[in-house]
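Q: coords please:
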Amino acid sequence: MVKKIQKIEYRVVLLSVVFGITMWIVDAFIDSVFFYEESFWDSLLFEITVFEIYFRSTIMLLFIVFGIIVSLIMTKRKQTSIDLFKTKTRLNYLNYLLTSSPAVVYCAEPKGNHQITFMSENIKEMTGYEAQEFVTSPDFWINKVHFEERERVEASYNKISEKGSFSEIYRFQHKNGDYFWVLEEANLFRDEQANLLEIIGYWSDINVQKRAEQIREELVQRRDNFVWMASHELRTPLTVIMGYCDFLLAHRTNLSQKRITNILNTIRSNLDRLNRLANQVSTVVQIDRGFFQVEKIDLILDKFLQDTVKHYHQLLGEQLEFHGRPSDPLILIEGDPDRLAQVLDNLIDNAIKHTHKEDRKIKITSEIQPNHVTIAVSDNGAGIPAKNFEIIFEQFVTIPTEYATRGTGIGLYLCRKIIEVHNGIITVQSQGIGQGATFTIKLPRKP
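A: The predicted structure is shown next:
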């Protein structure tokens, strides 16, 4: 482009020289024809007066100067046009970057209330508001900052003239009323004399990252609670077992056979409790690592339920009702008997844990449908608020009640995972606090 501009300039100057020479020739021709008797060549080159030389040279010089001036003007205008085109192209590209970038760029006044003077158009995609709303109203931005963080953010921004920069994470209200997390960073620019020029900054939507961070923190908290509760769950039966073992060793010769049998039954019960906890932890590890497997076989529904609850009949007596279906011996389901028994054990253990010992009532029922069977475990215990129907099946989540403070938070999580592997679903229903709860398992029926 520069070579093209130089070529234009040279052509204009050359043209002006040609015009100057042409005027010299035209003047000589006019003199030879109309005023003098000399020939054209004499008038052009040989018999020329001083005045004619001066006049013709002046005309030629004026043409050359005029040509140079015109060429410079044309060159300048052309260069300006090229610069304007380049600037426009860069601005269009910059605008494309601003609108396509997830970050919102803005400019603000360096003094006073730091009025926003420019806001990129993609602010609407982030916040739902038009860019003009931020520019026309001085307090529009700060009034949308969450009230818990507004004072801190405003105080920090007002110190930008001292620090030269600003960086804050806060919640901003979307036009739909919801709050989302943003990261805002800005820098204050000065001229060579250190005079304040402008604040240039950007917003970045970090709602997803912030939510992920909160989830990680929540999972860490849940894990820590699980470790603490698991150690407590382990310590309690171990303490009982160790205590009774020491008692037997010290008094074995003075105890009756009945007393020894009762102690051994208590030890066995606590060993079963430890074994269930170990199985639960082992299953959680298998699920998290993707190694969880089941070995499905054909199960007669009523026989499977009777075998599973037999132990609890001995433990609870009349406090446990089981309504079997001995008249339907051919109702089959396909499943892993150990895993499904683990689910029922968890549900019954939960019912025992969250009911009053004196008036406890636990009921186990089954229903047969054309394509599936349902197994329900109901109790008259503490009940569950509707808002907790889903979260109680999440890993490491525990809901304390008046009968039990906390558990490991993996029992119901395992129940859902095991039932899902069997292509079934598990749900819970409760009328509320103190109204008991019913856990329902729905499994496919084998044709």
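Q: Quick check: pLDDT value at Phe140.
A: pLDDT for Phe140: 92.
Q: same check, this time on the one 10 residues further on
A: According to the per-residue confidence, Arg150 scores 93 in pLDDT.
Q: pretty sure it is in a helix, no?
A: Yes - judged by DSSP: H, G, I helix; E, B strand; the rest coil, Arg150 forms part of a helix.
Q: so it touches Ile142, yeah?
A: Yes - with contact defined as C-beta atoms under 8 Å, Arg150 counts as touching Ile142 (6.4 Å). Quick note: C-beta positions are derived from backbone N, CA and C, even for glycine.
Q: Which residue ranges of this protein form helices?
A: 2-30, 40-41, 50-100, 123-127, 131-136, 140-143, 147-157, 160-163, 207-251, 257-289, 301-316, 337-353, 411-421 (DSSP state H).
Q: Mind listing residues that contact stretch 205-221?
A: Pro102, Met126, Ile169, Phe180, Trp181, Val182, Leu183, Phe396 (C-beta atoms under 8 Å, 6 or more residues apart in numbering).
Q: For Ala155, grab the count of nearby residues.
A: 9 (other C-beta atoms under 10 Å).
Q: what's the answer for the one 10 residues further on, then?
A: Look at Ser165: counted by other C-beta under 10 Å, it has 12 neighbours.
Q: separation between it and Ile199?
A: 10 Å (C-beta to C-beta, to the nearest Å).
Q: any common contacting residues for the two?
A: Ala186, Asn187, Leu188.
Q: Of these, keep whichever come out buried.
A: Ala186, Leu188 (16 or more other C-beta atoms under 10 Å).
Q: Out of the shared contacts of Ser165 and Ile199, flag the one nearest to Ile368.
A: Ile368 has its nearest neighbour among the shared contacts of Ser165 and Ile199 in Ala186, at 68.0 Å by C-beta to C-beta.
Q: Can you name the residues bridging to that closest one?
A: Phe166, Gly201 (DSSP bridges).
Q: from memory it sits against Ile200, does it?
A: Yes - counting by C-beta under 8 Å, Ile200 is a contact partner of Ala186 at 6.6 Å.
Q: Now do stretch 433-440: everything it contacts.
A: Against stretch 433-440 from outside (C-beta under 8 Å, 6+ apart): 347, 350-351, 354-355, 374-385, 415, 426-430.
Q: unless I'm mixing things up, Tyr157 is touching Asn113, no?
A: No - applying C-beta under 8 Å as the test, Tyr157 and Asn113 come out as separate, 9.9 Å apart.
Q: of those two, who's got more company?
A: Taking neighbours as other C-beta under 10 Å, Tyr157 and Asn113 compare with Tyr157 leading, 21 against 13.
Q: Which residues are in contact with the more buried one?
A: Contacts of Tyr157 by C-beta under 8 Å, 6+ apart are His114, Phe166, Glu168, Ala186.
Q: again with Ser269
A: Leu315.
Q: Model confidence for it, exactly?
A: 77.
Q: Trp181 touches Ile169, doesn't it?
A: Yes - the pair Trp181 / Ile169 is scored as a contact, 6.5 Å apart, by C-beta under 8 Å.
Q: So those two - more neighbours on which side?
A: Ranked by neighbour count (other C-beta under 10 Å), Trp181 and Ile169 place Trp181 first, with 19 against 15.
Q: How about that one: what's its closest non-neighbour residue?
A: Lys210 (3.9 Å; C-beta to C-beta, 6 or more residues apart in numbering).
Q: any idea how far the residue nearest to the spatial centre of the chain lies from Val182?
A: By C-alpha atoms, centre = their mean, the mean C-alpha position of the chain lies nearest to Val208, the distance being 1.5 Å. Distance of Val208 to Val182, computed by C-beta to C-beta: 12 Å.
Q: Next: Glu192.
A: 33 Å.
Q: Neighbour count: those two, which is higher?
A: For Glu192 and Val182, the more surrounded residue by other C-beta under 10 Å is Val182, and the numbers stand at 21 against 5.
Q: What's opposite the more buried one in the beta bridge?
A: Assigned bridge partners for Val182, using DSSP bridges, are Tyr170, Asp205.
Q: contacting residues for it?
A: Met126, Ile169, Tyr170, Arg171, Phe172, Trp203, Ser204, Asp205, Ile206, Asn207.
Q: Against Lys163, how distant is it?
A: 20 Å.
Q: what ranges do the strands span in the stretch 301-447 of the chain?
A: Secondary structure of the stretch 301-447 of the chain (DSSP state E, counting those that start in this stretch): strands at 320-323, 332-335, 362-368, 372-379, 425-429, 437-444.
Q: got CSV for these, with mean pLDDT, mean neighbour count and distance to Asn279 too?
A: Formatted as CSV, these follow (pLDDT from 0 to 100; neighbours: other C-beta atoms under 10 Å; distance: least, C-beta to C-beta, whole Å):
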stretch, mean pLDDT, mean neighbour count, distance to Asn279
strand 320-323, 82, 16, 22
strand 332-335, 88, 20, 17
strand 362-368, 89, 17, 21
strand 372-379, 92, 20, 19
strand 425-429, 93, 17, 18
strand 437-444, 93, 20, 19
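Q: what about Leu299, how many neighbours?
A: Neighbours of Leu299 (other C-beta under 10 Å): 20.
Q: give me every residue that touches the spatially closest residue to it that is not a sequence neighbour.
A: Leaving out its chain neighbours, the residue that sits closest to Leu299 by C-beta to C-beta, 6+ apart is Ile333, at 5.2 Å. Shown in contact with Ile333 (C-beta under 8 Å, 6+ apart): Asp298, Leu299, Leu301, Phe304, Val373, Leu443, Pro444, Arg445, Lys446.
Q: how about the residues you listed, which pair is most distant?
A: Pairwise over the contacts of Ile333, using C-beta to C-beta, the maximum falls at Phe304 and Pro444, 14.6 Å.
Q: How confident was the prediction at Arg406?
A: 59.
Q: And Phe34, by the same measure?
A: 56.
Q: repeat for Glu154
A: So Glu154 comes in at 91 (pLDDT).
Q: The one 3 residues further on too?
A: At Tyr157, the predicted lDDT confidence score is 90.
Q: For it, give its distance to Ser378.
A: Tyr157 is 58 Å from Ser378, by C-beta to C-beta.
Q: same deal with Lys310?
A: 19 Å.
Q: Asp302 now?
A: Using C-beta to C-beta, we find Asp302 at a distance of 18 Å from Ser378.
Q: Ok, Val428 next?
A: 10 Å.
Q: Equivalent analysis for Thr239, please.
A: Distance from Thr239 to Ser378, by C-beta to C-beta: 32 Å.
Q: Also Arg77?
A: Taking C-beta to C-beta, one finds Arg77 at 91 Å from Ser378.
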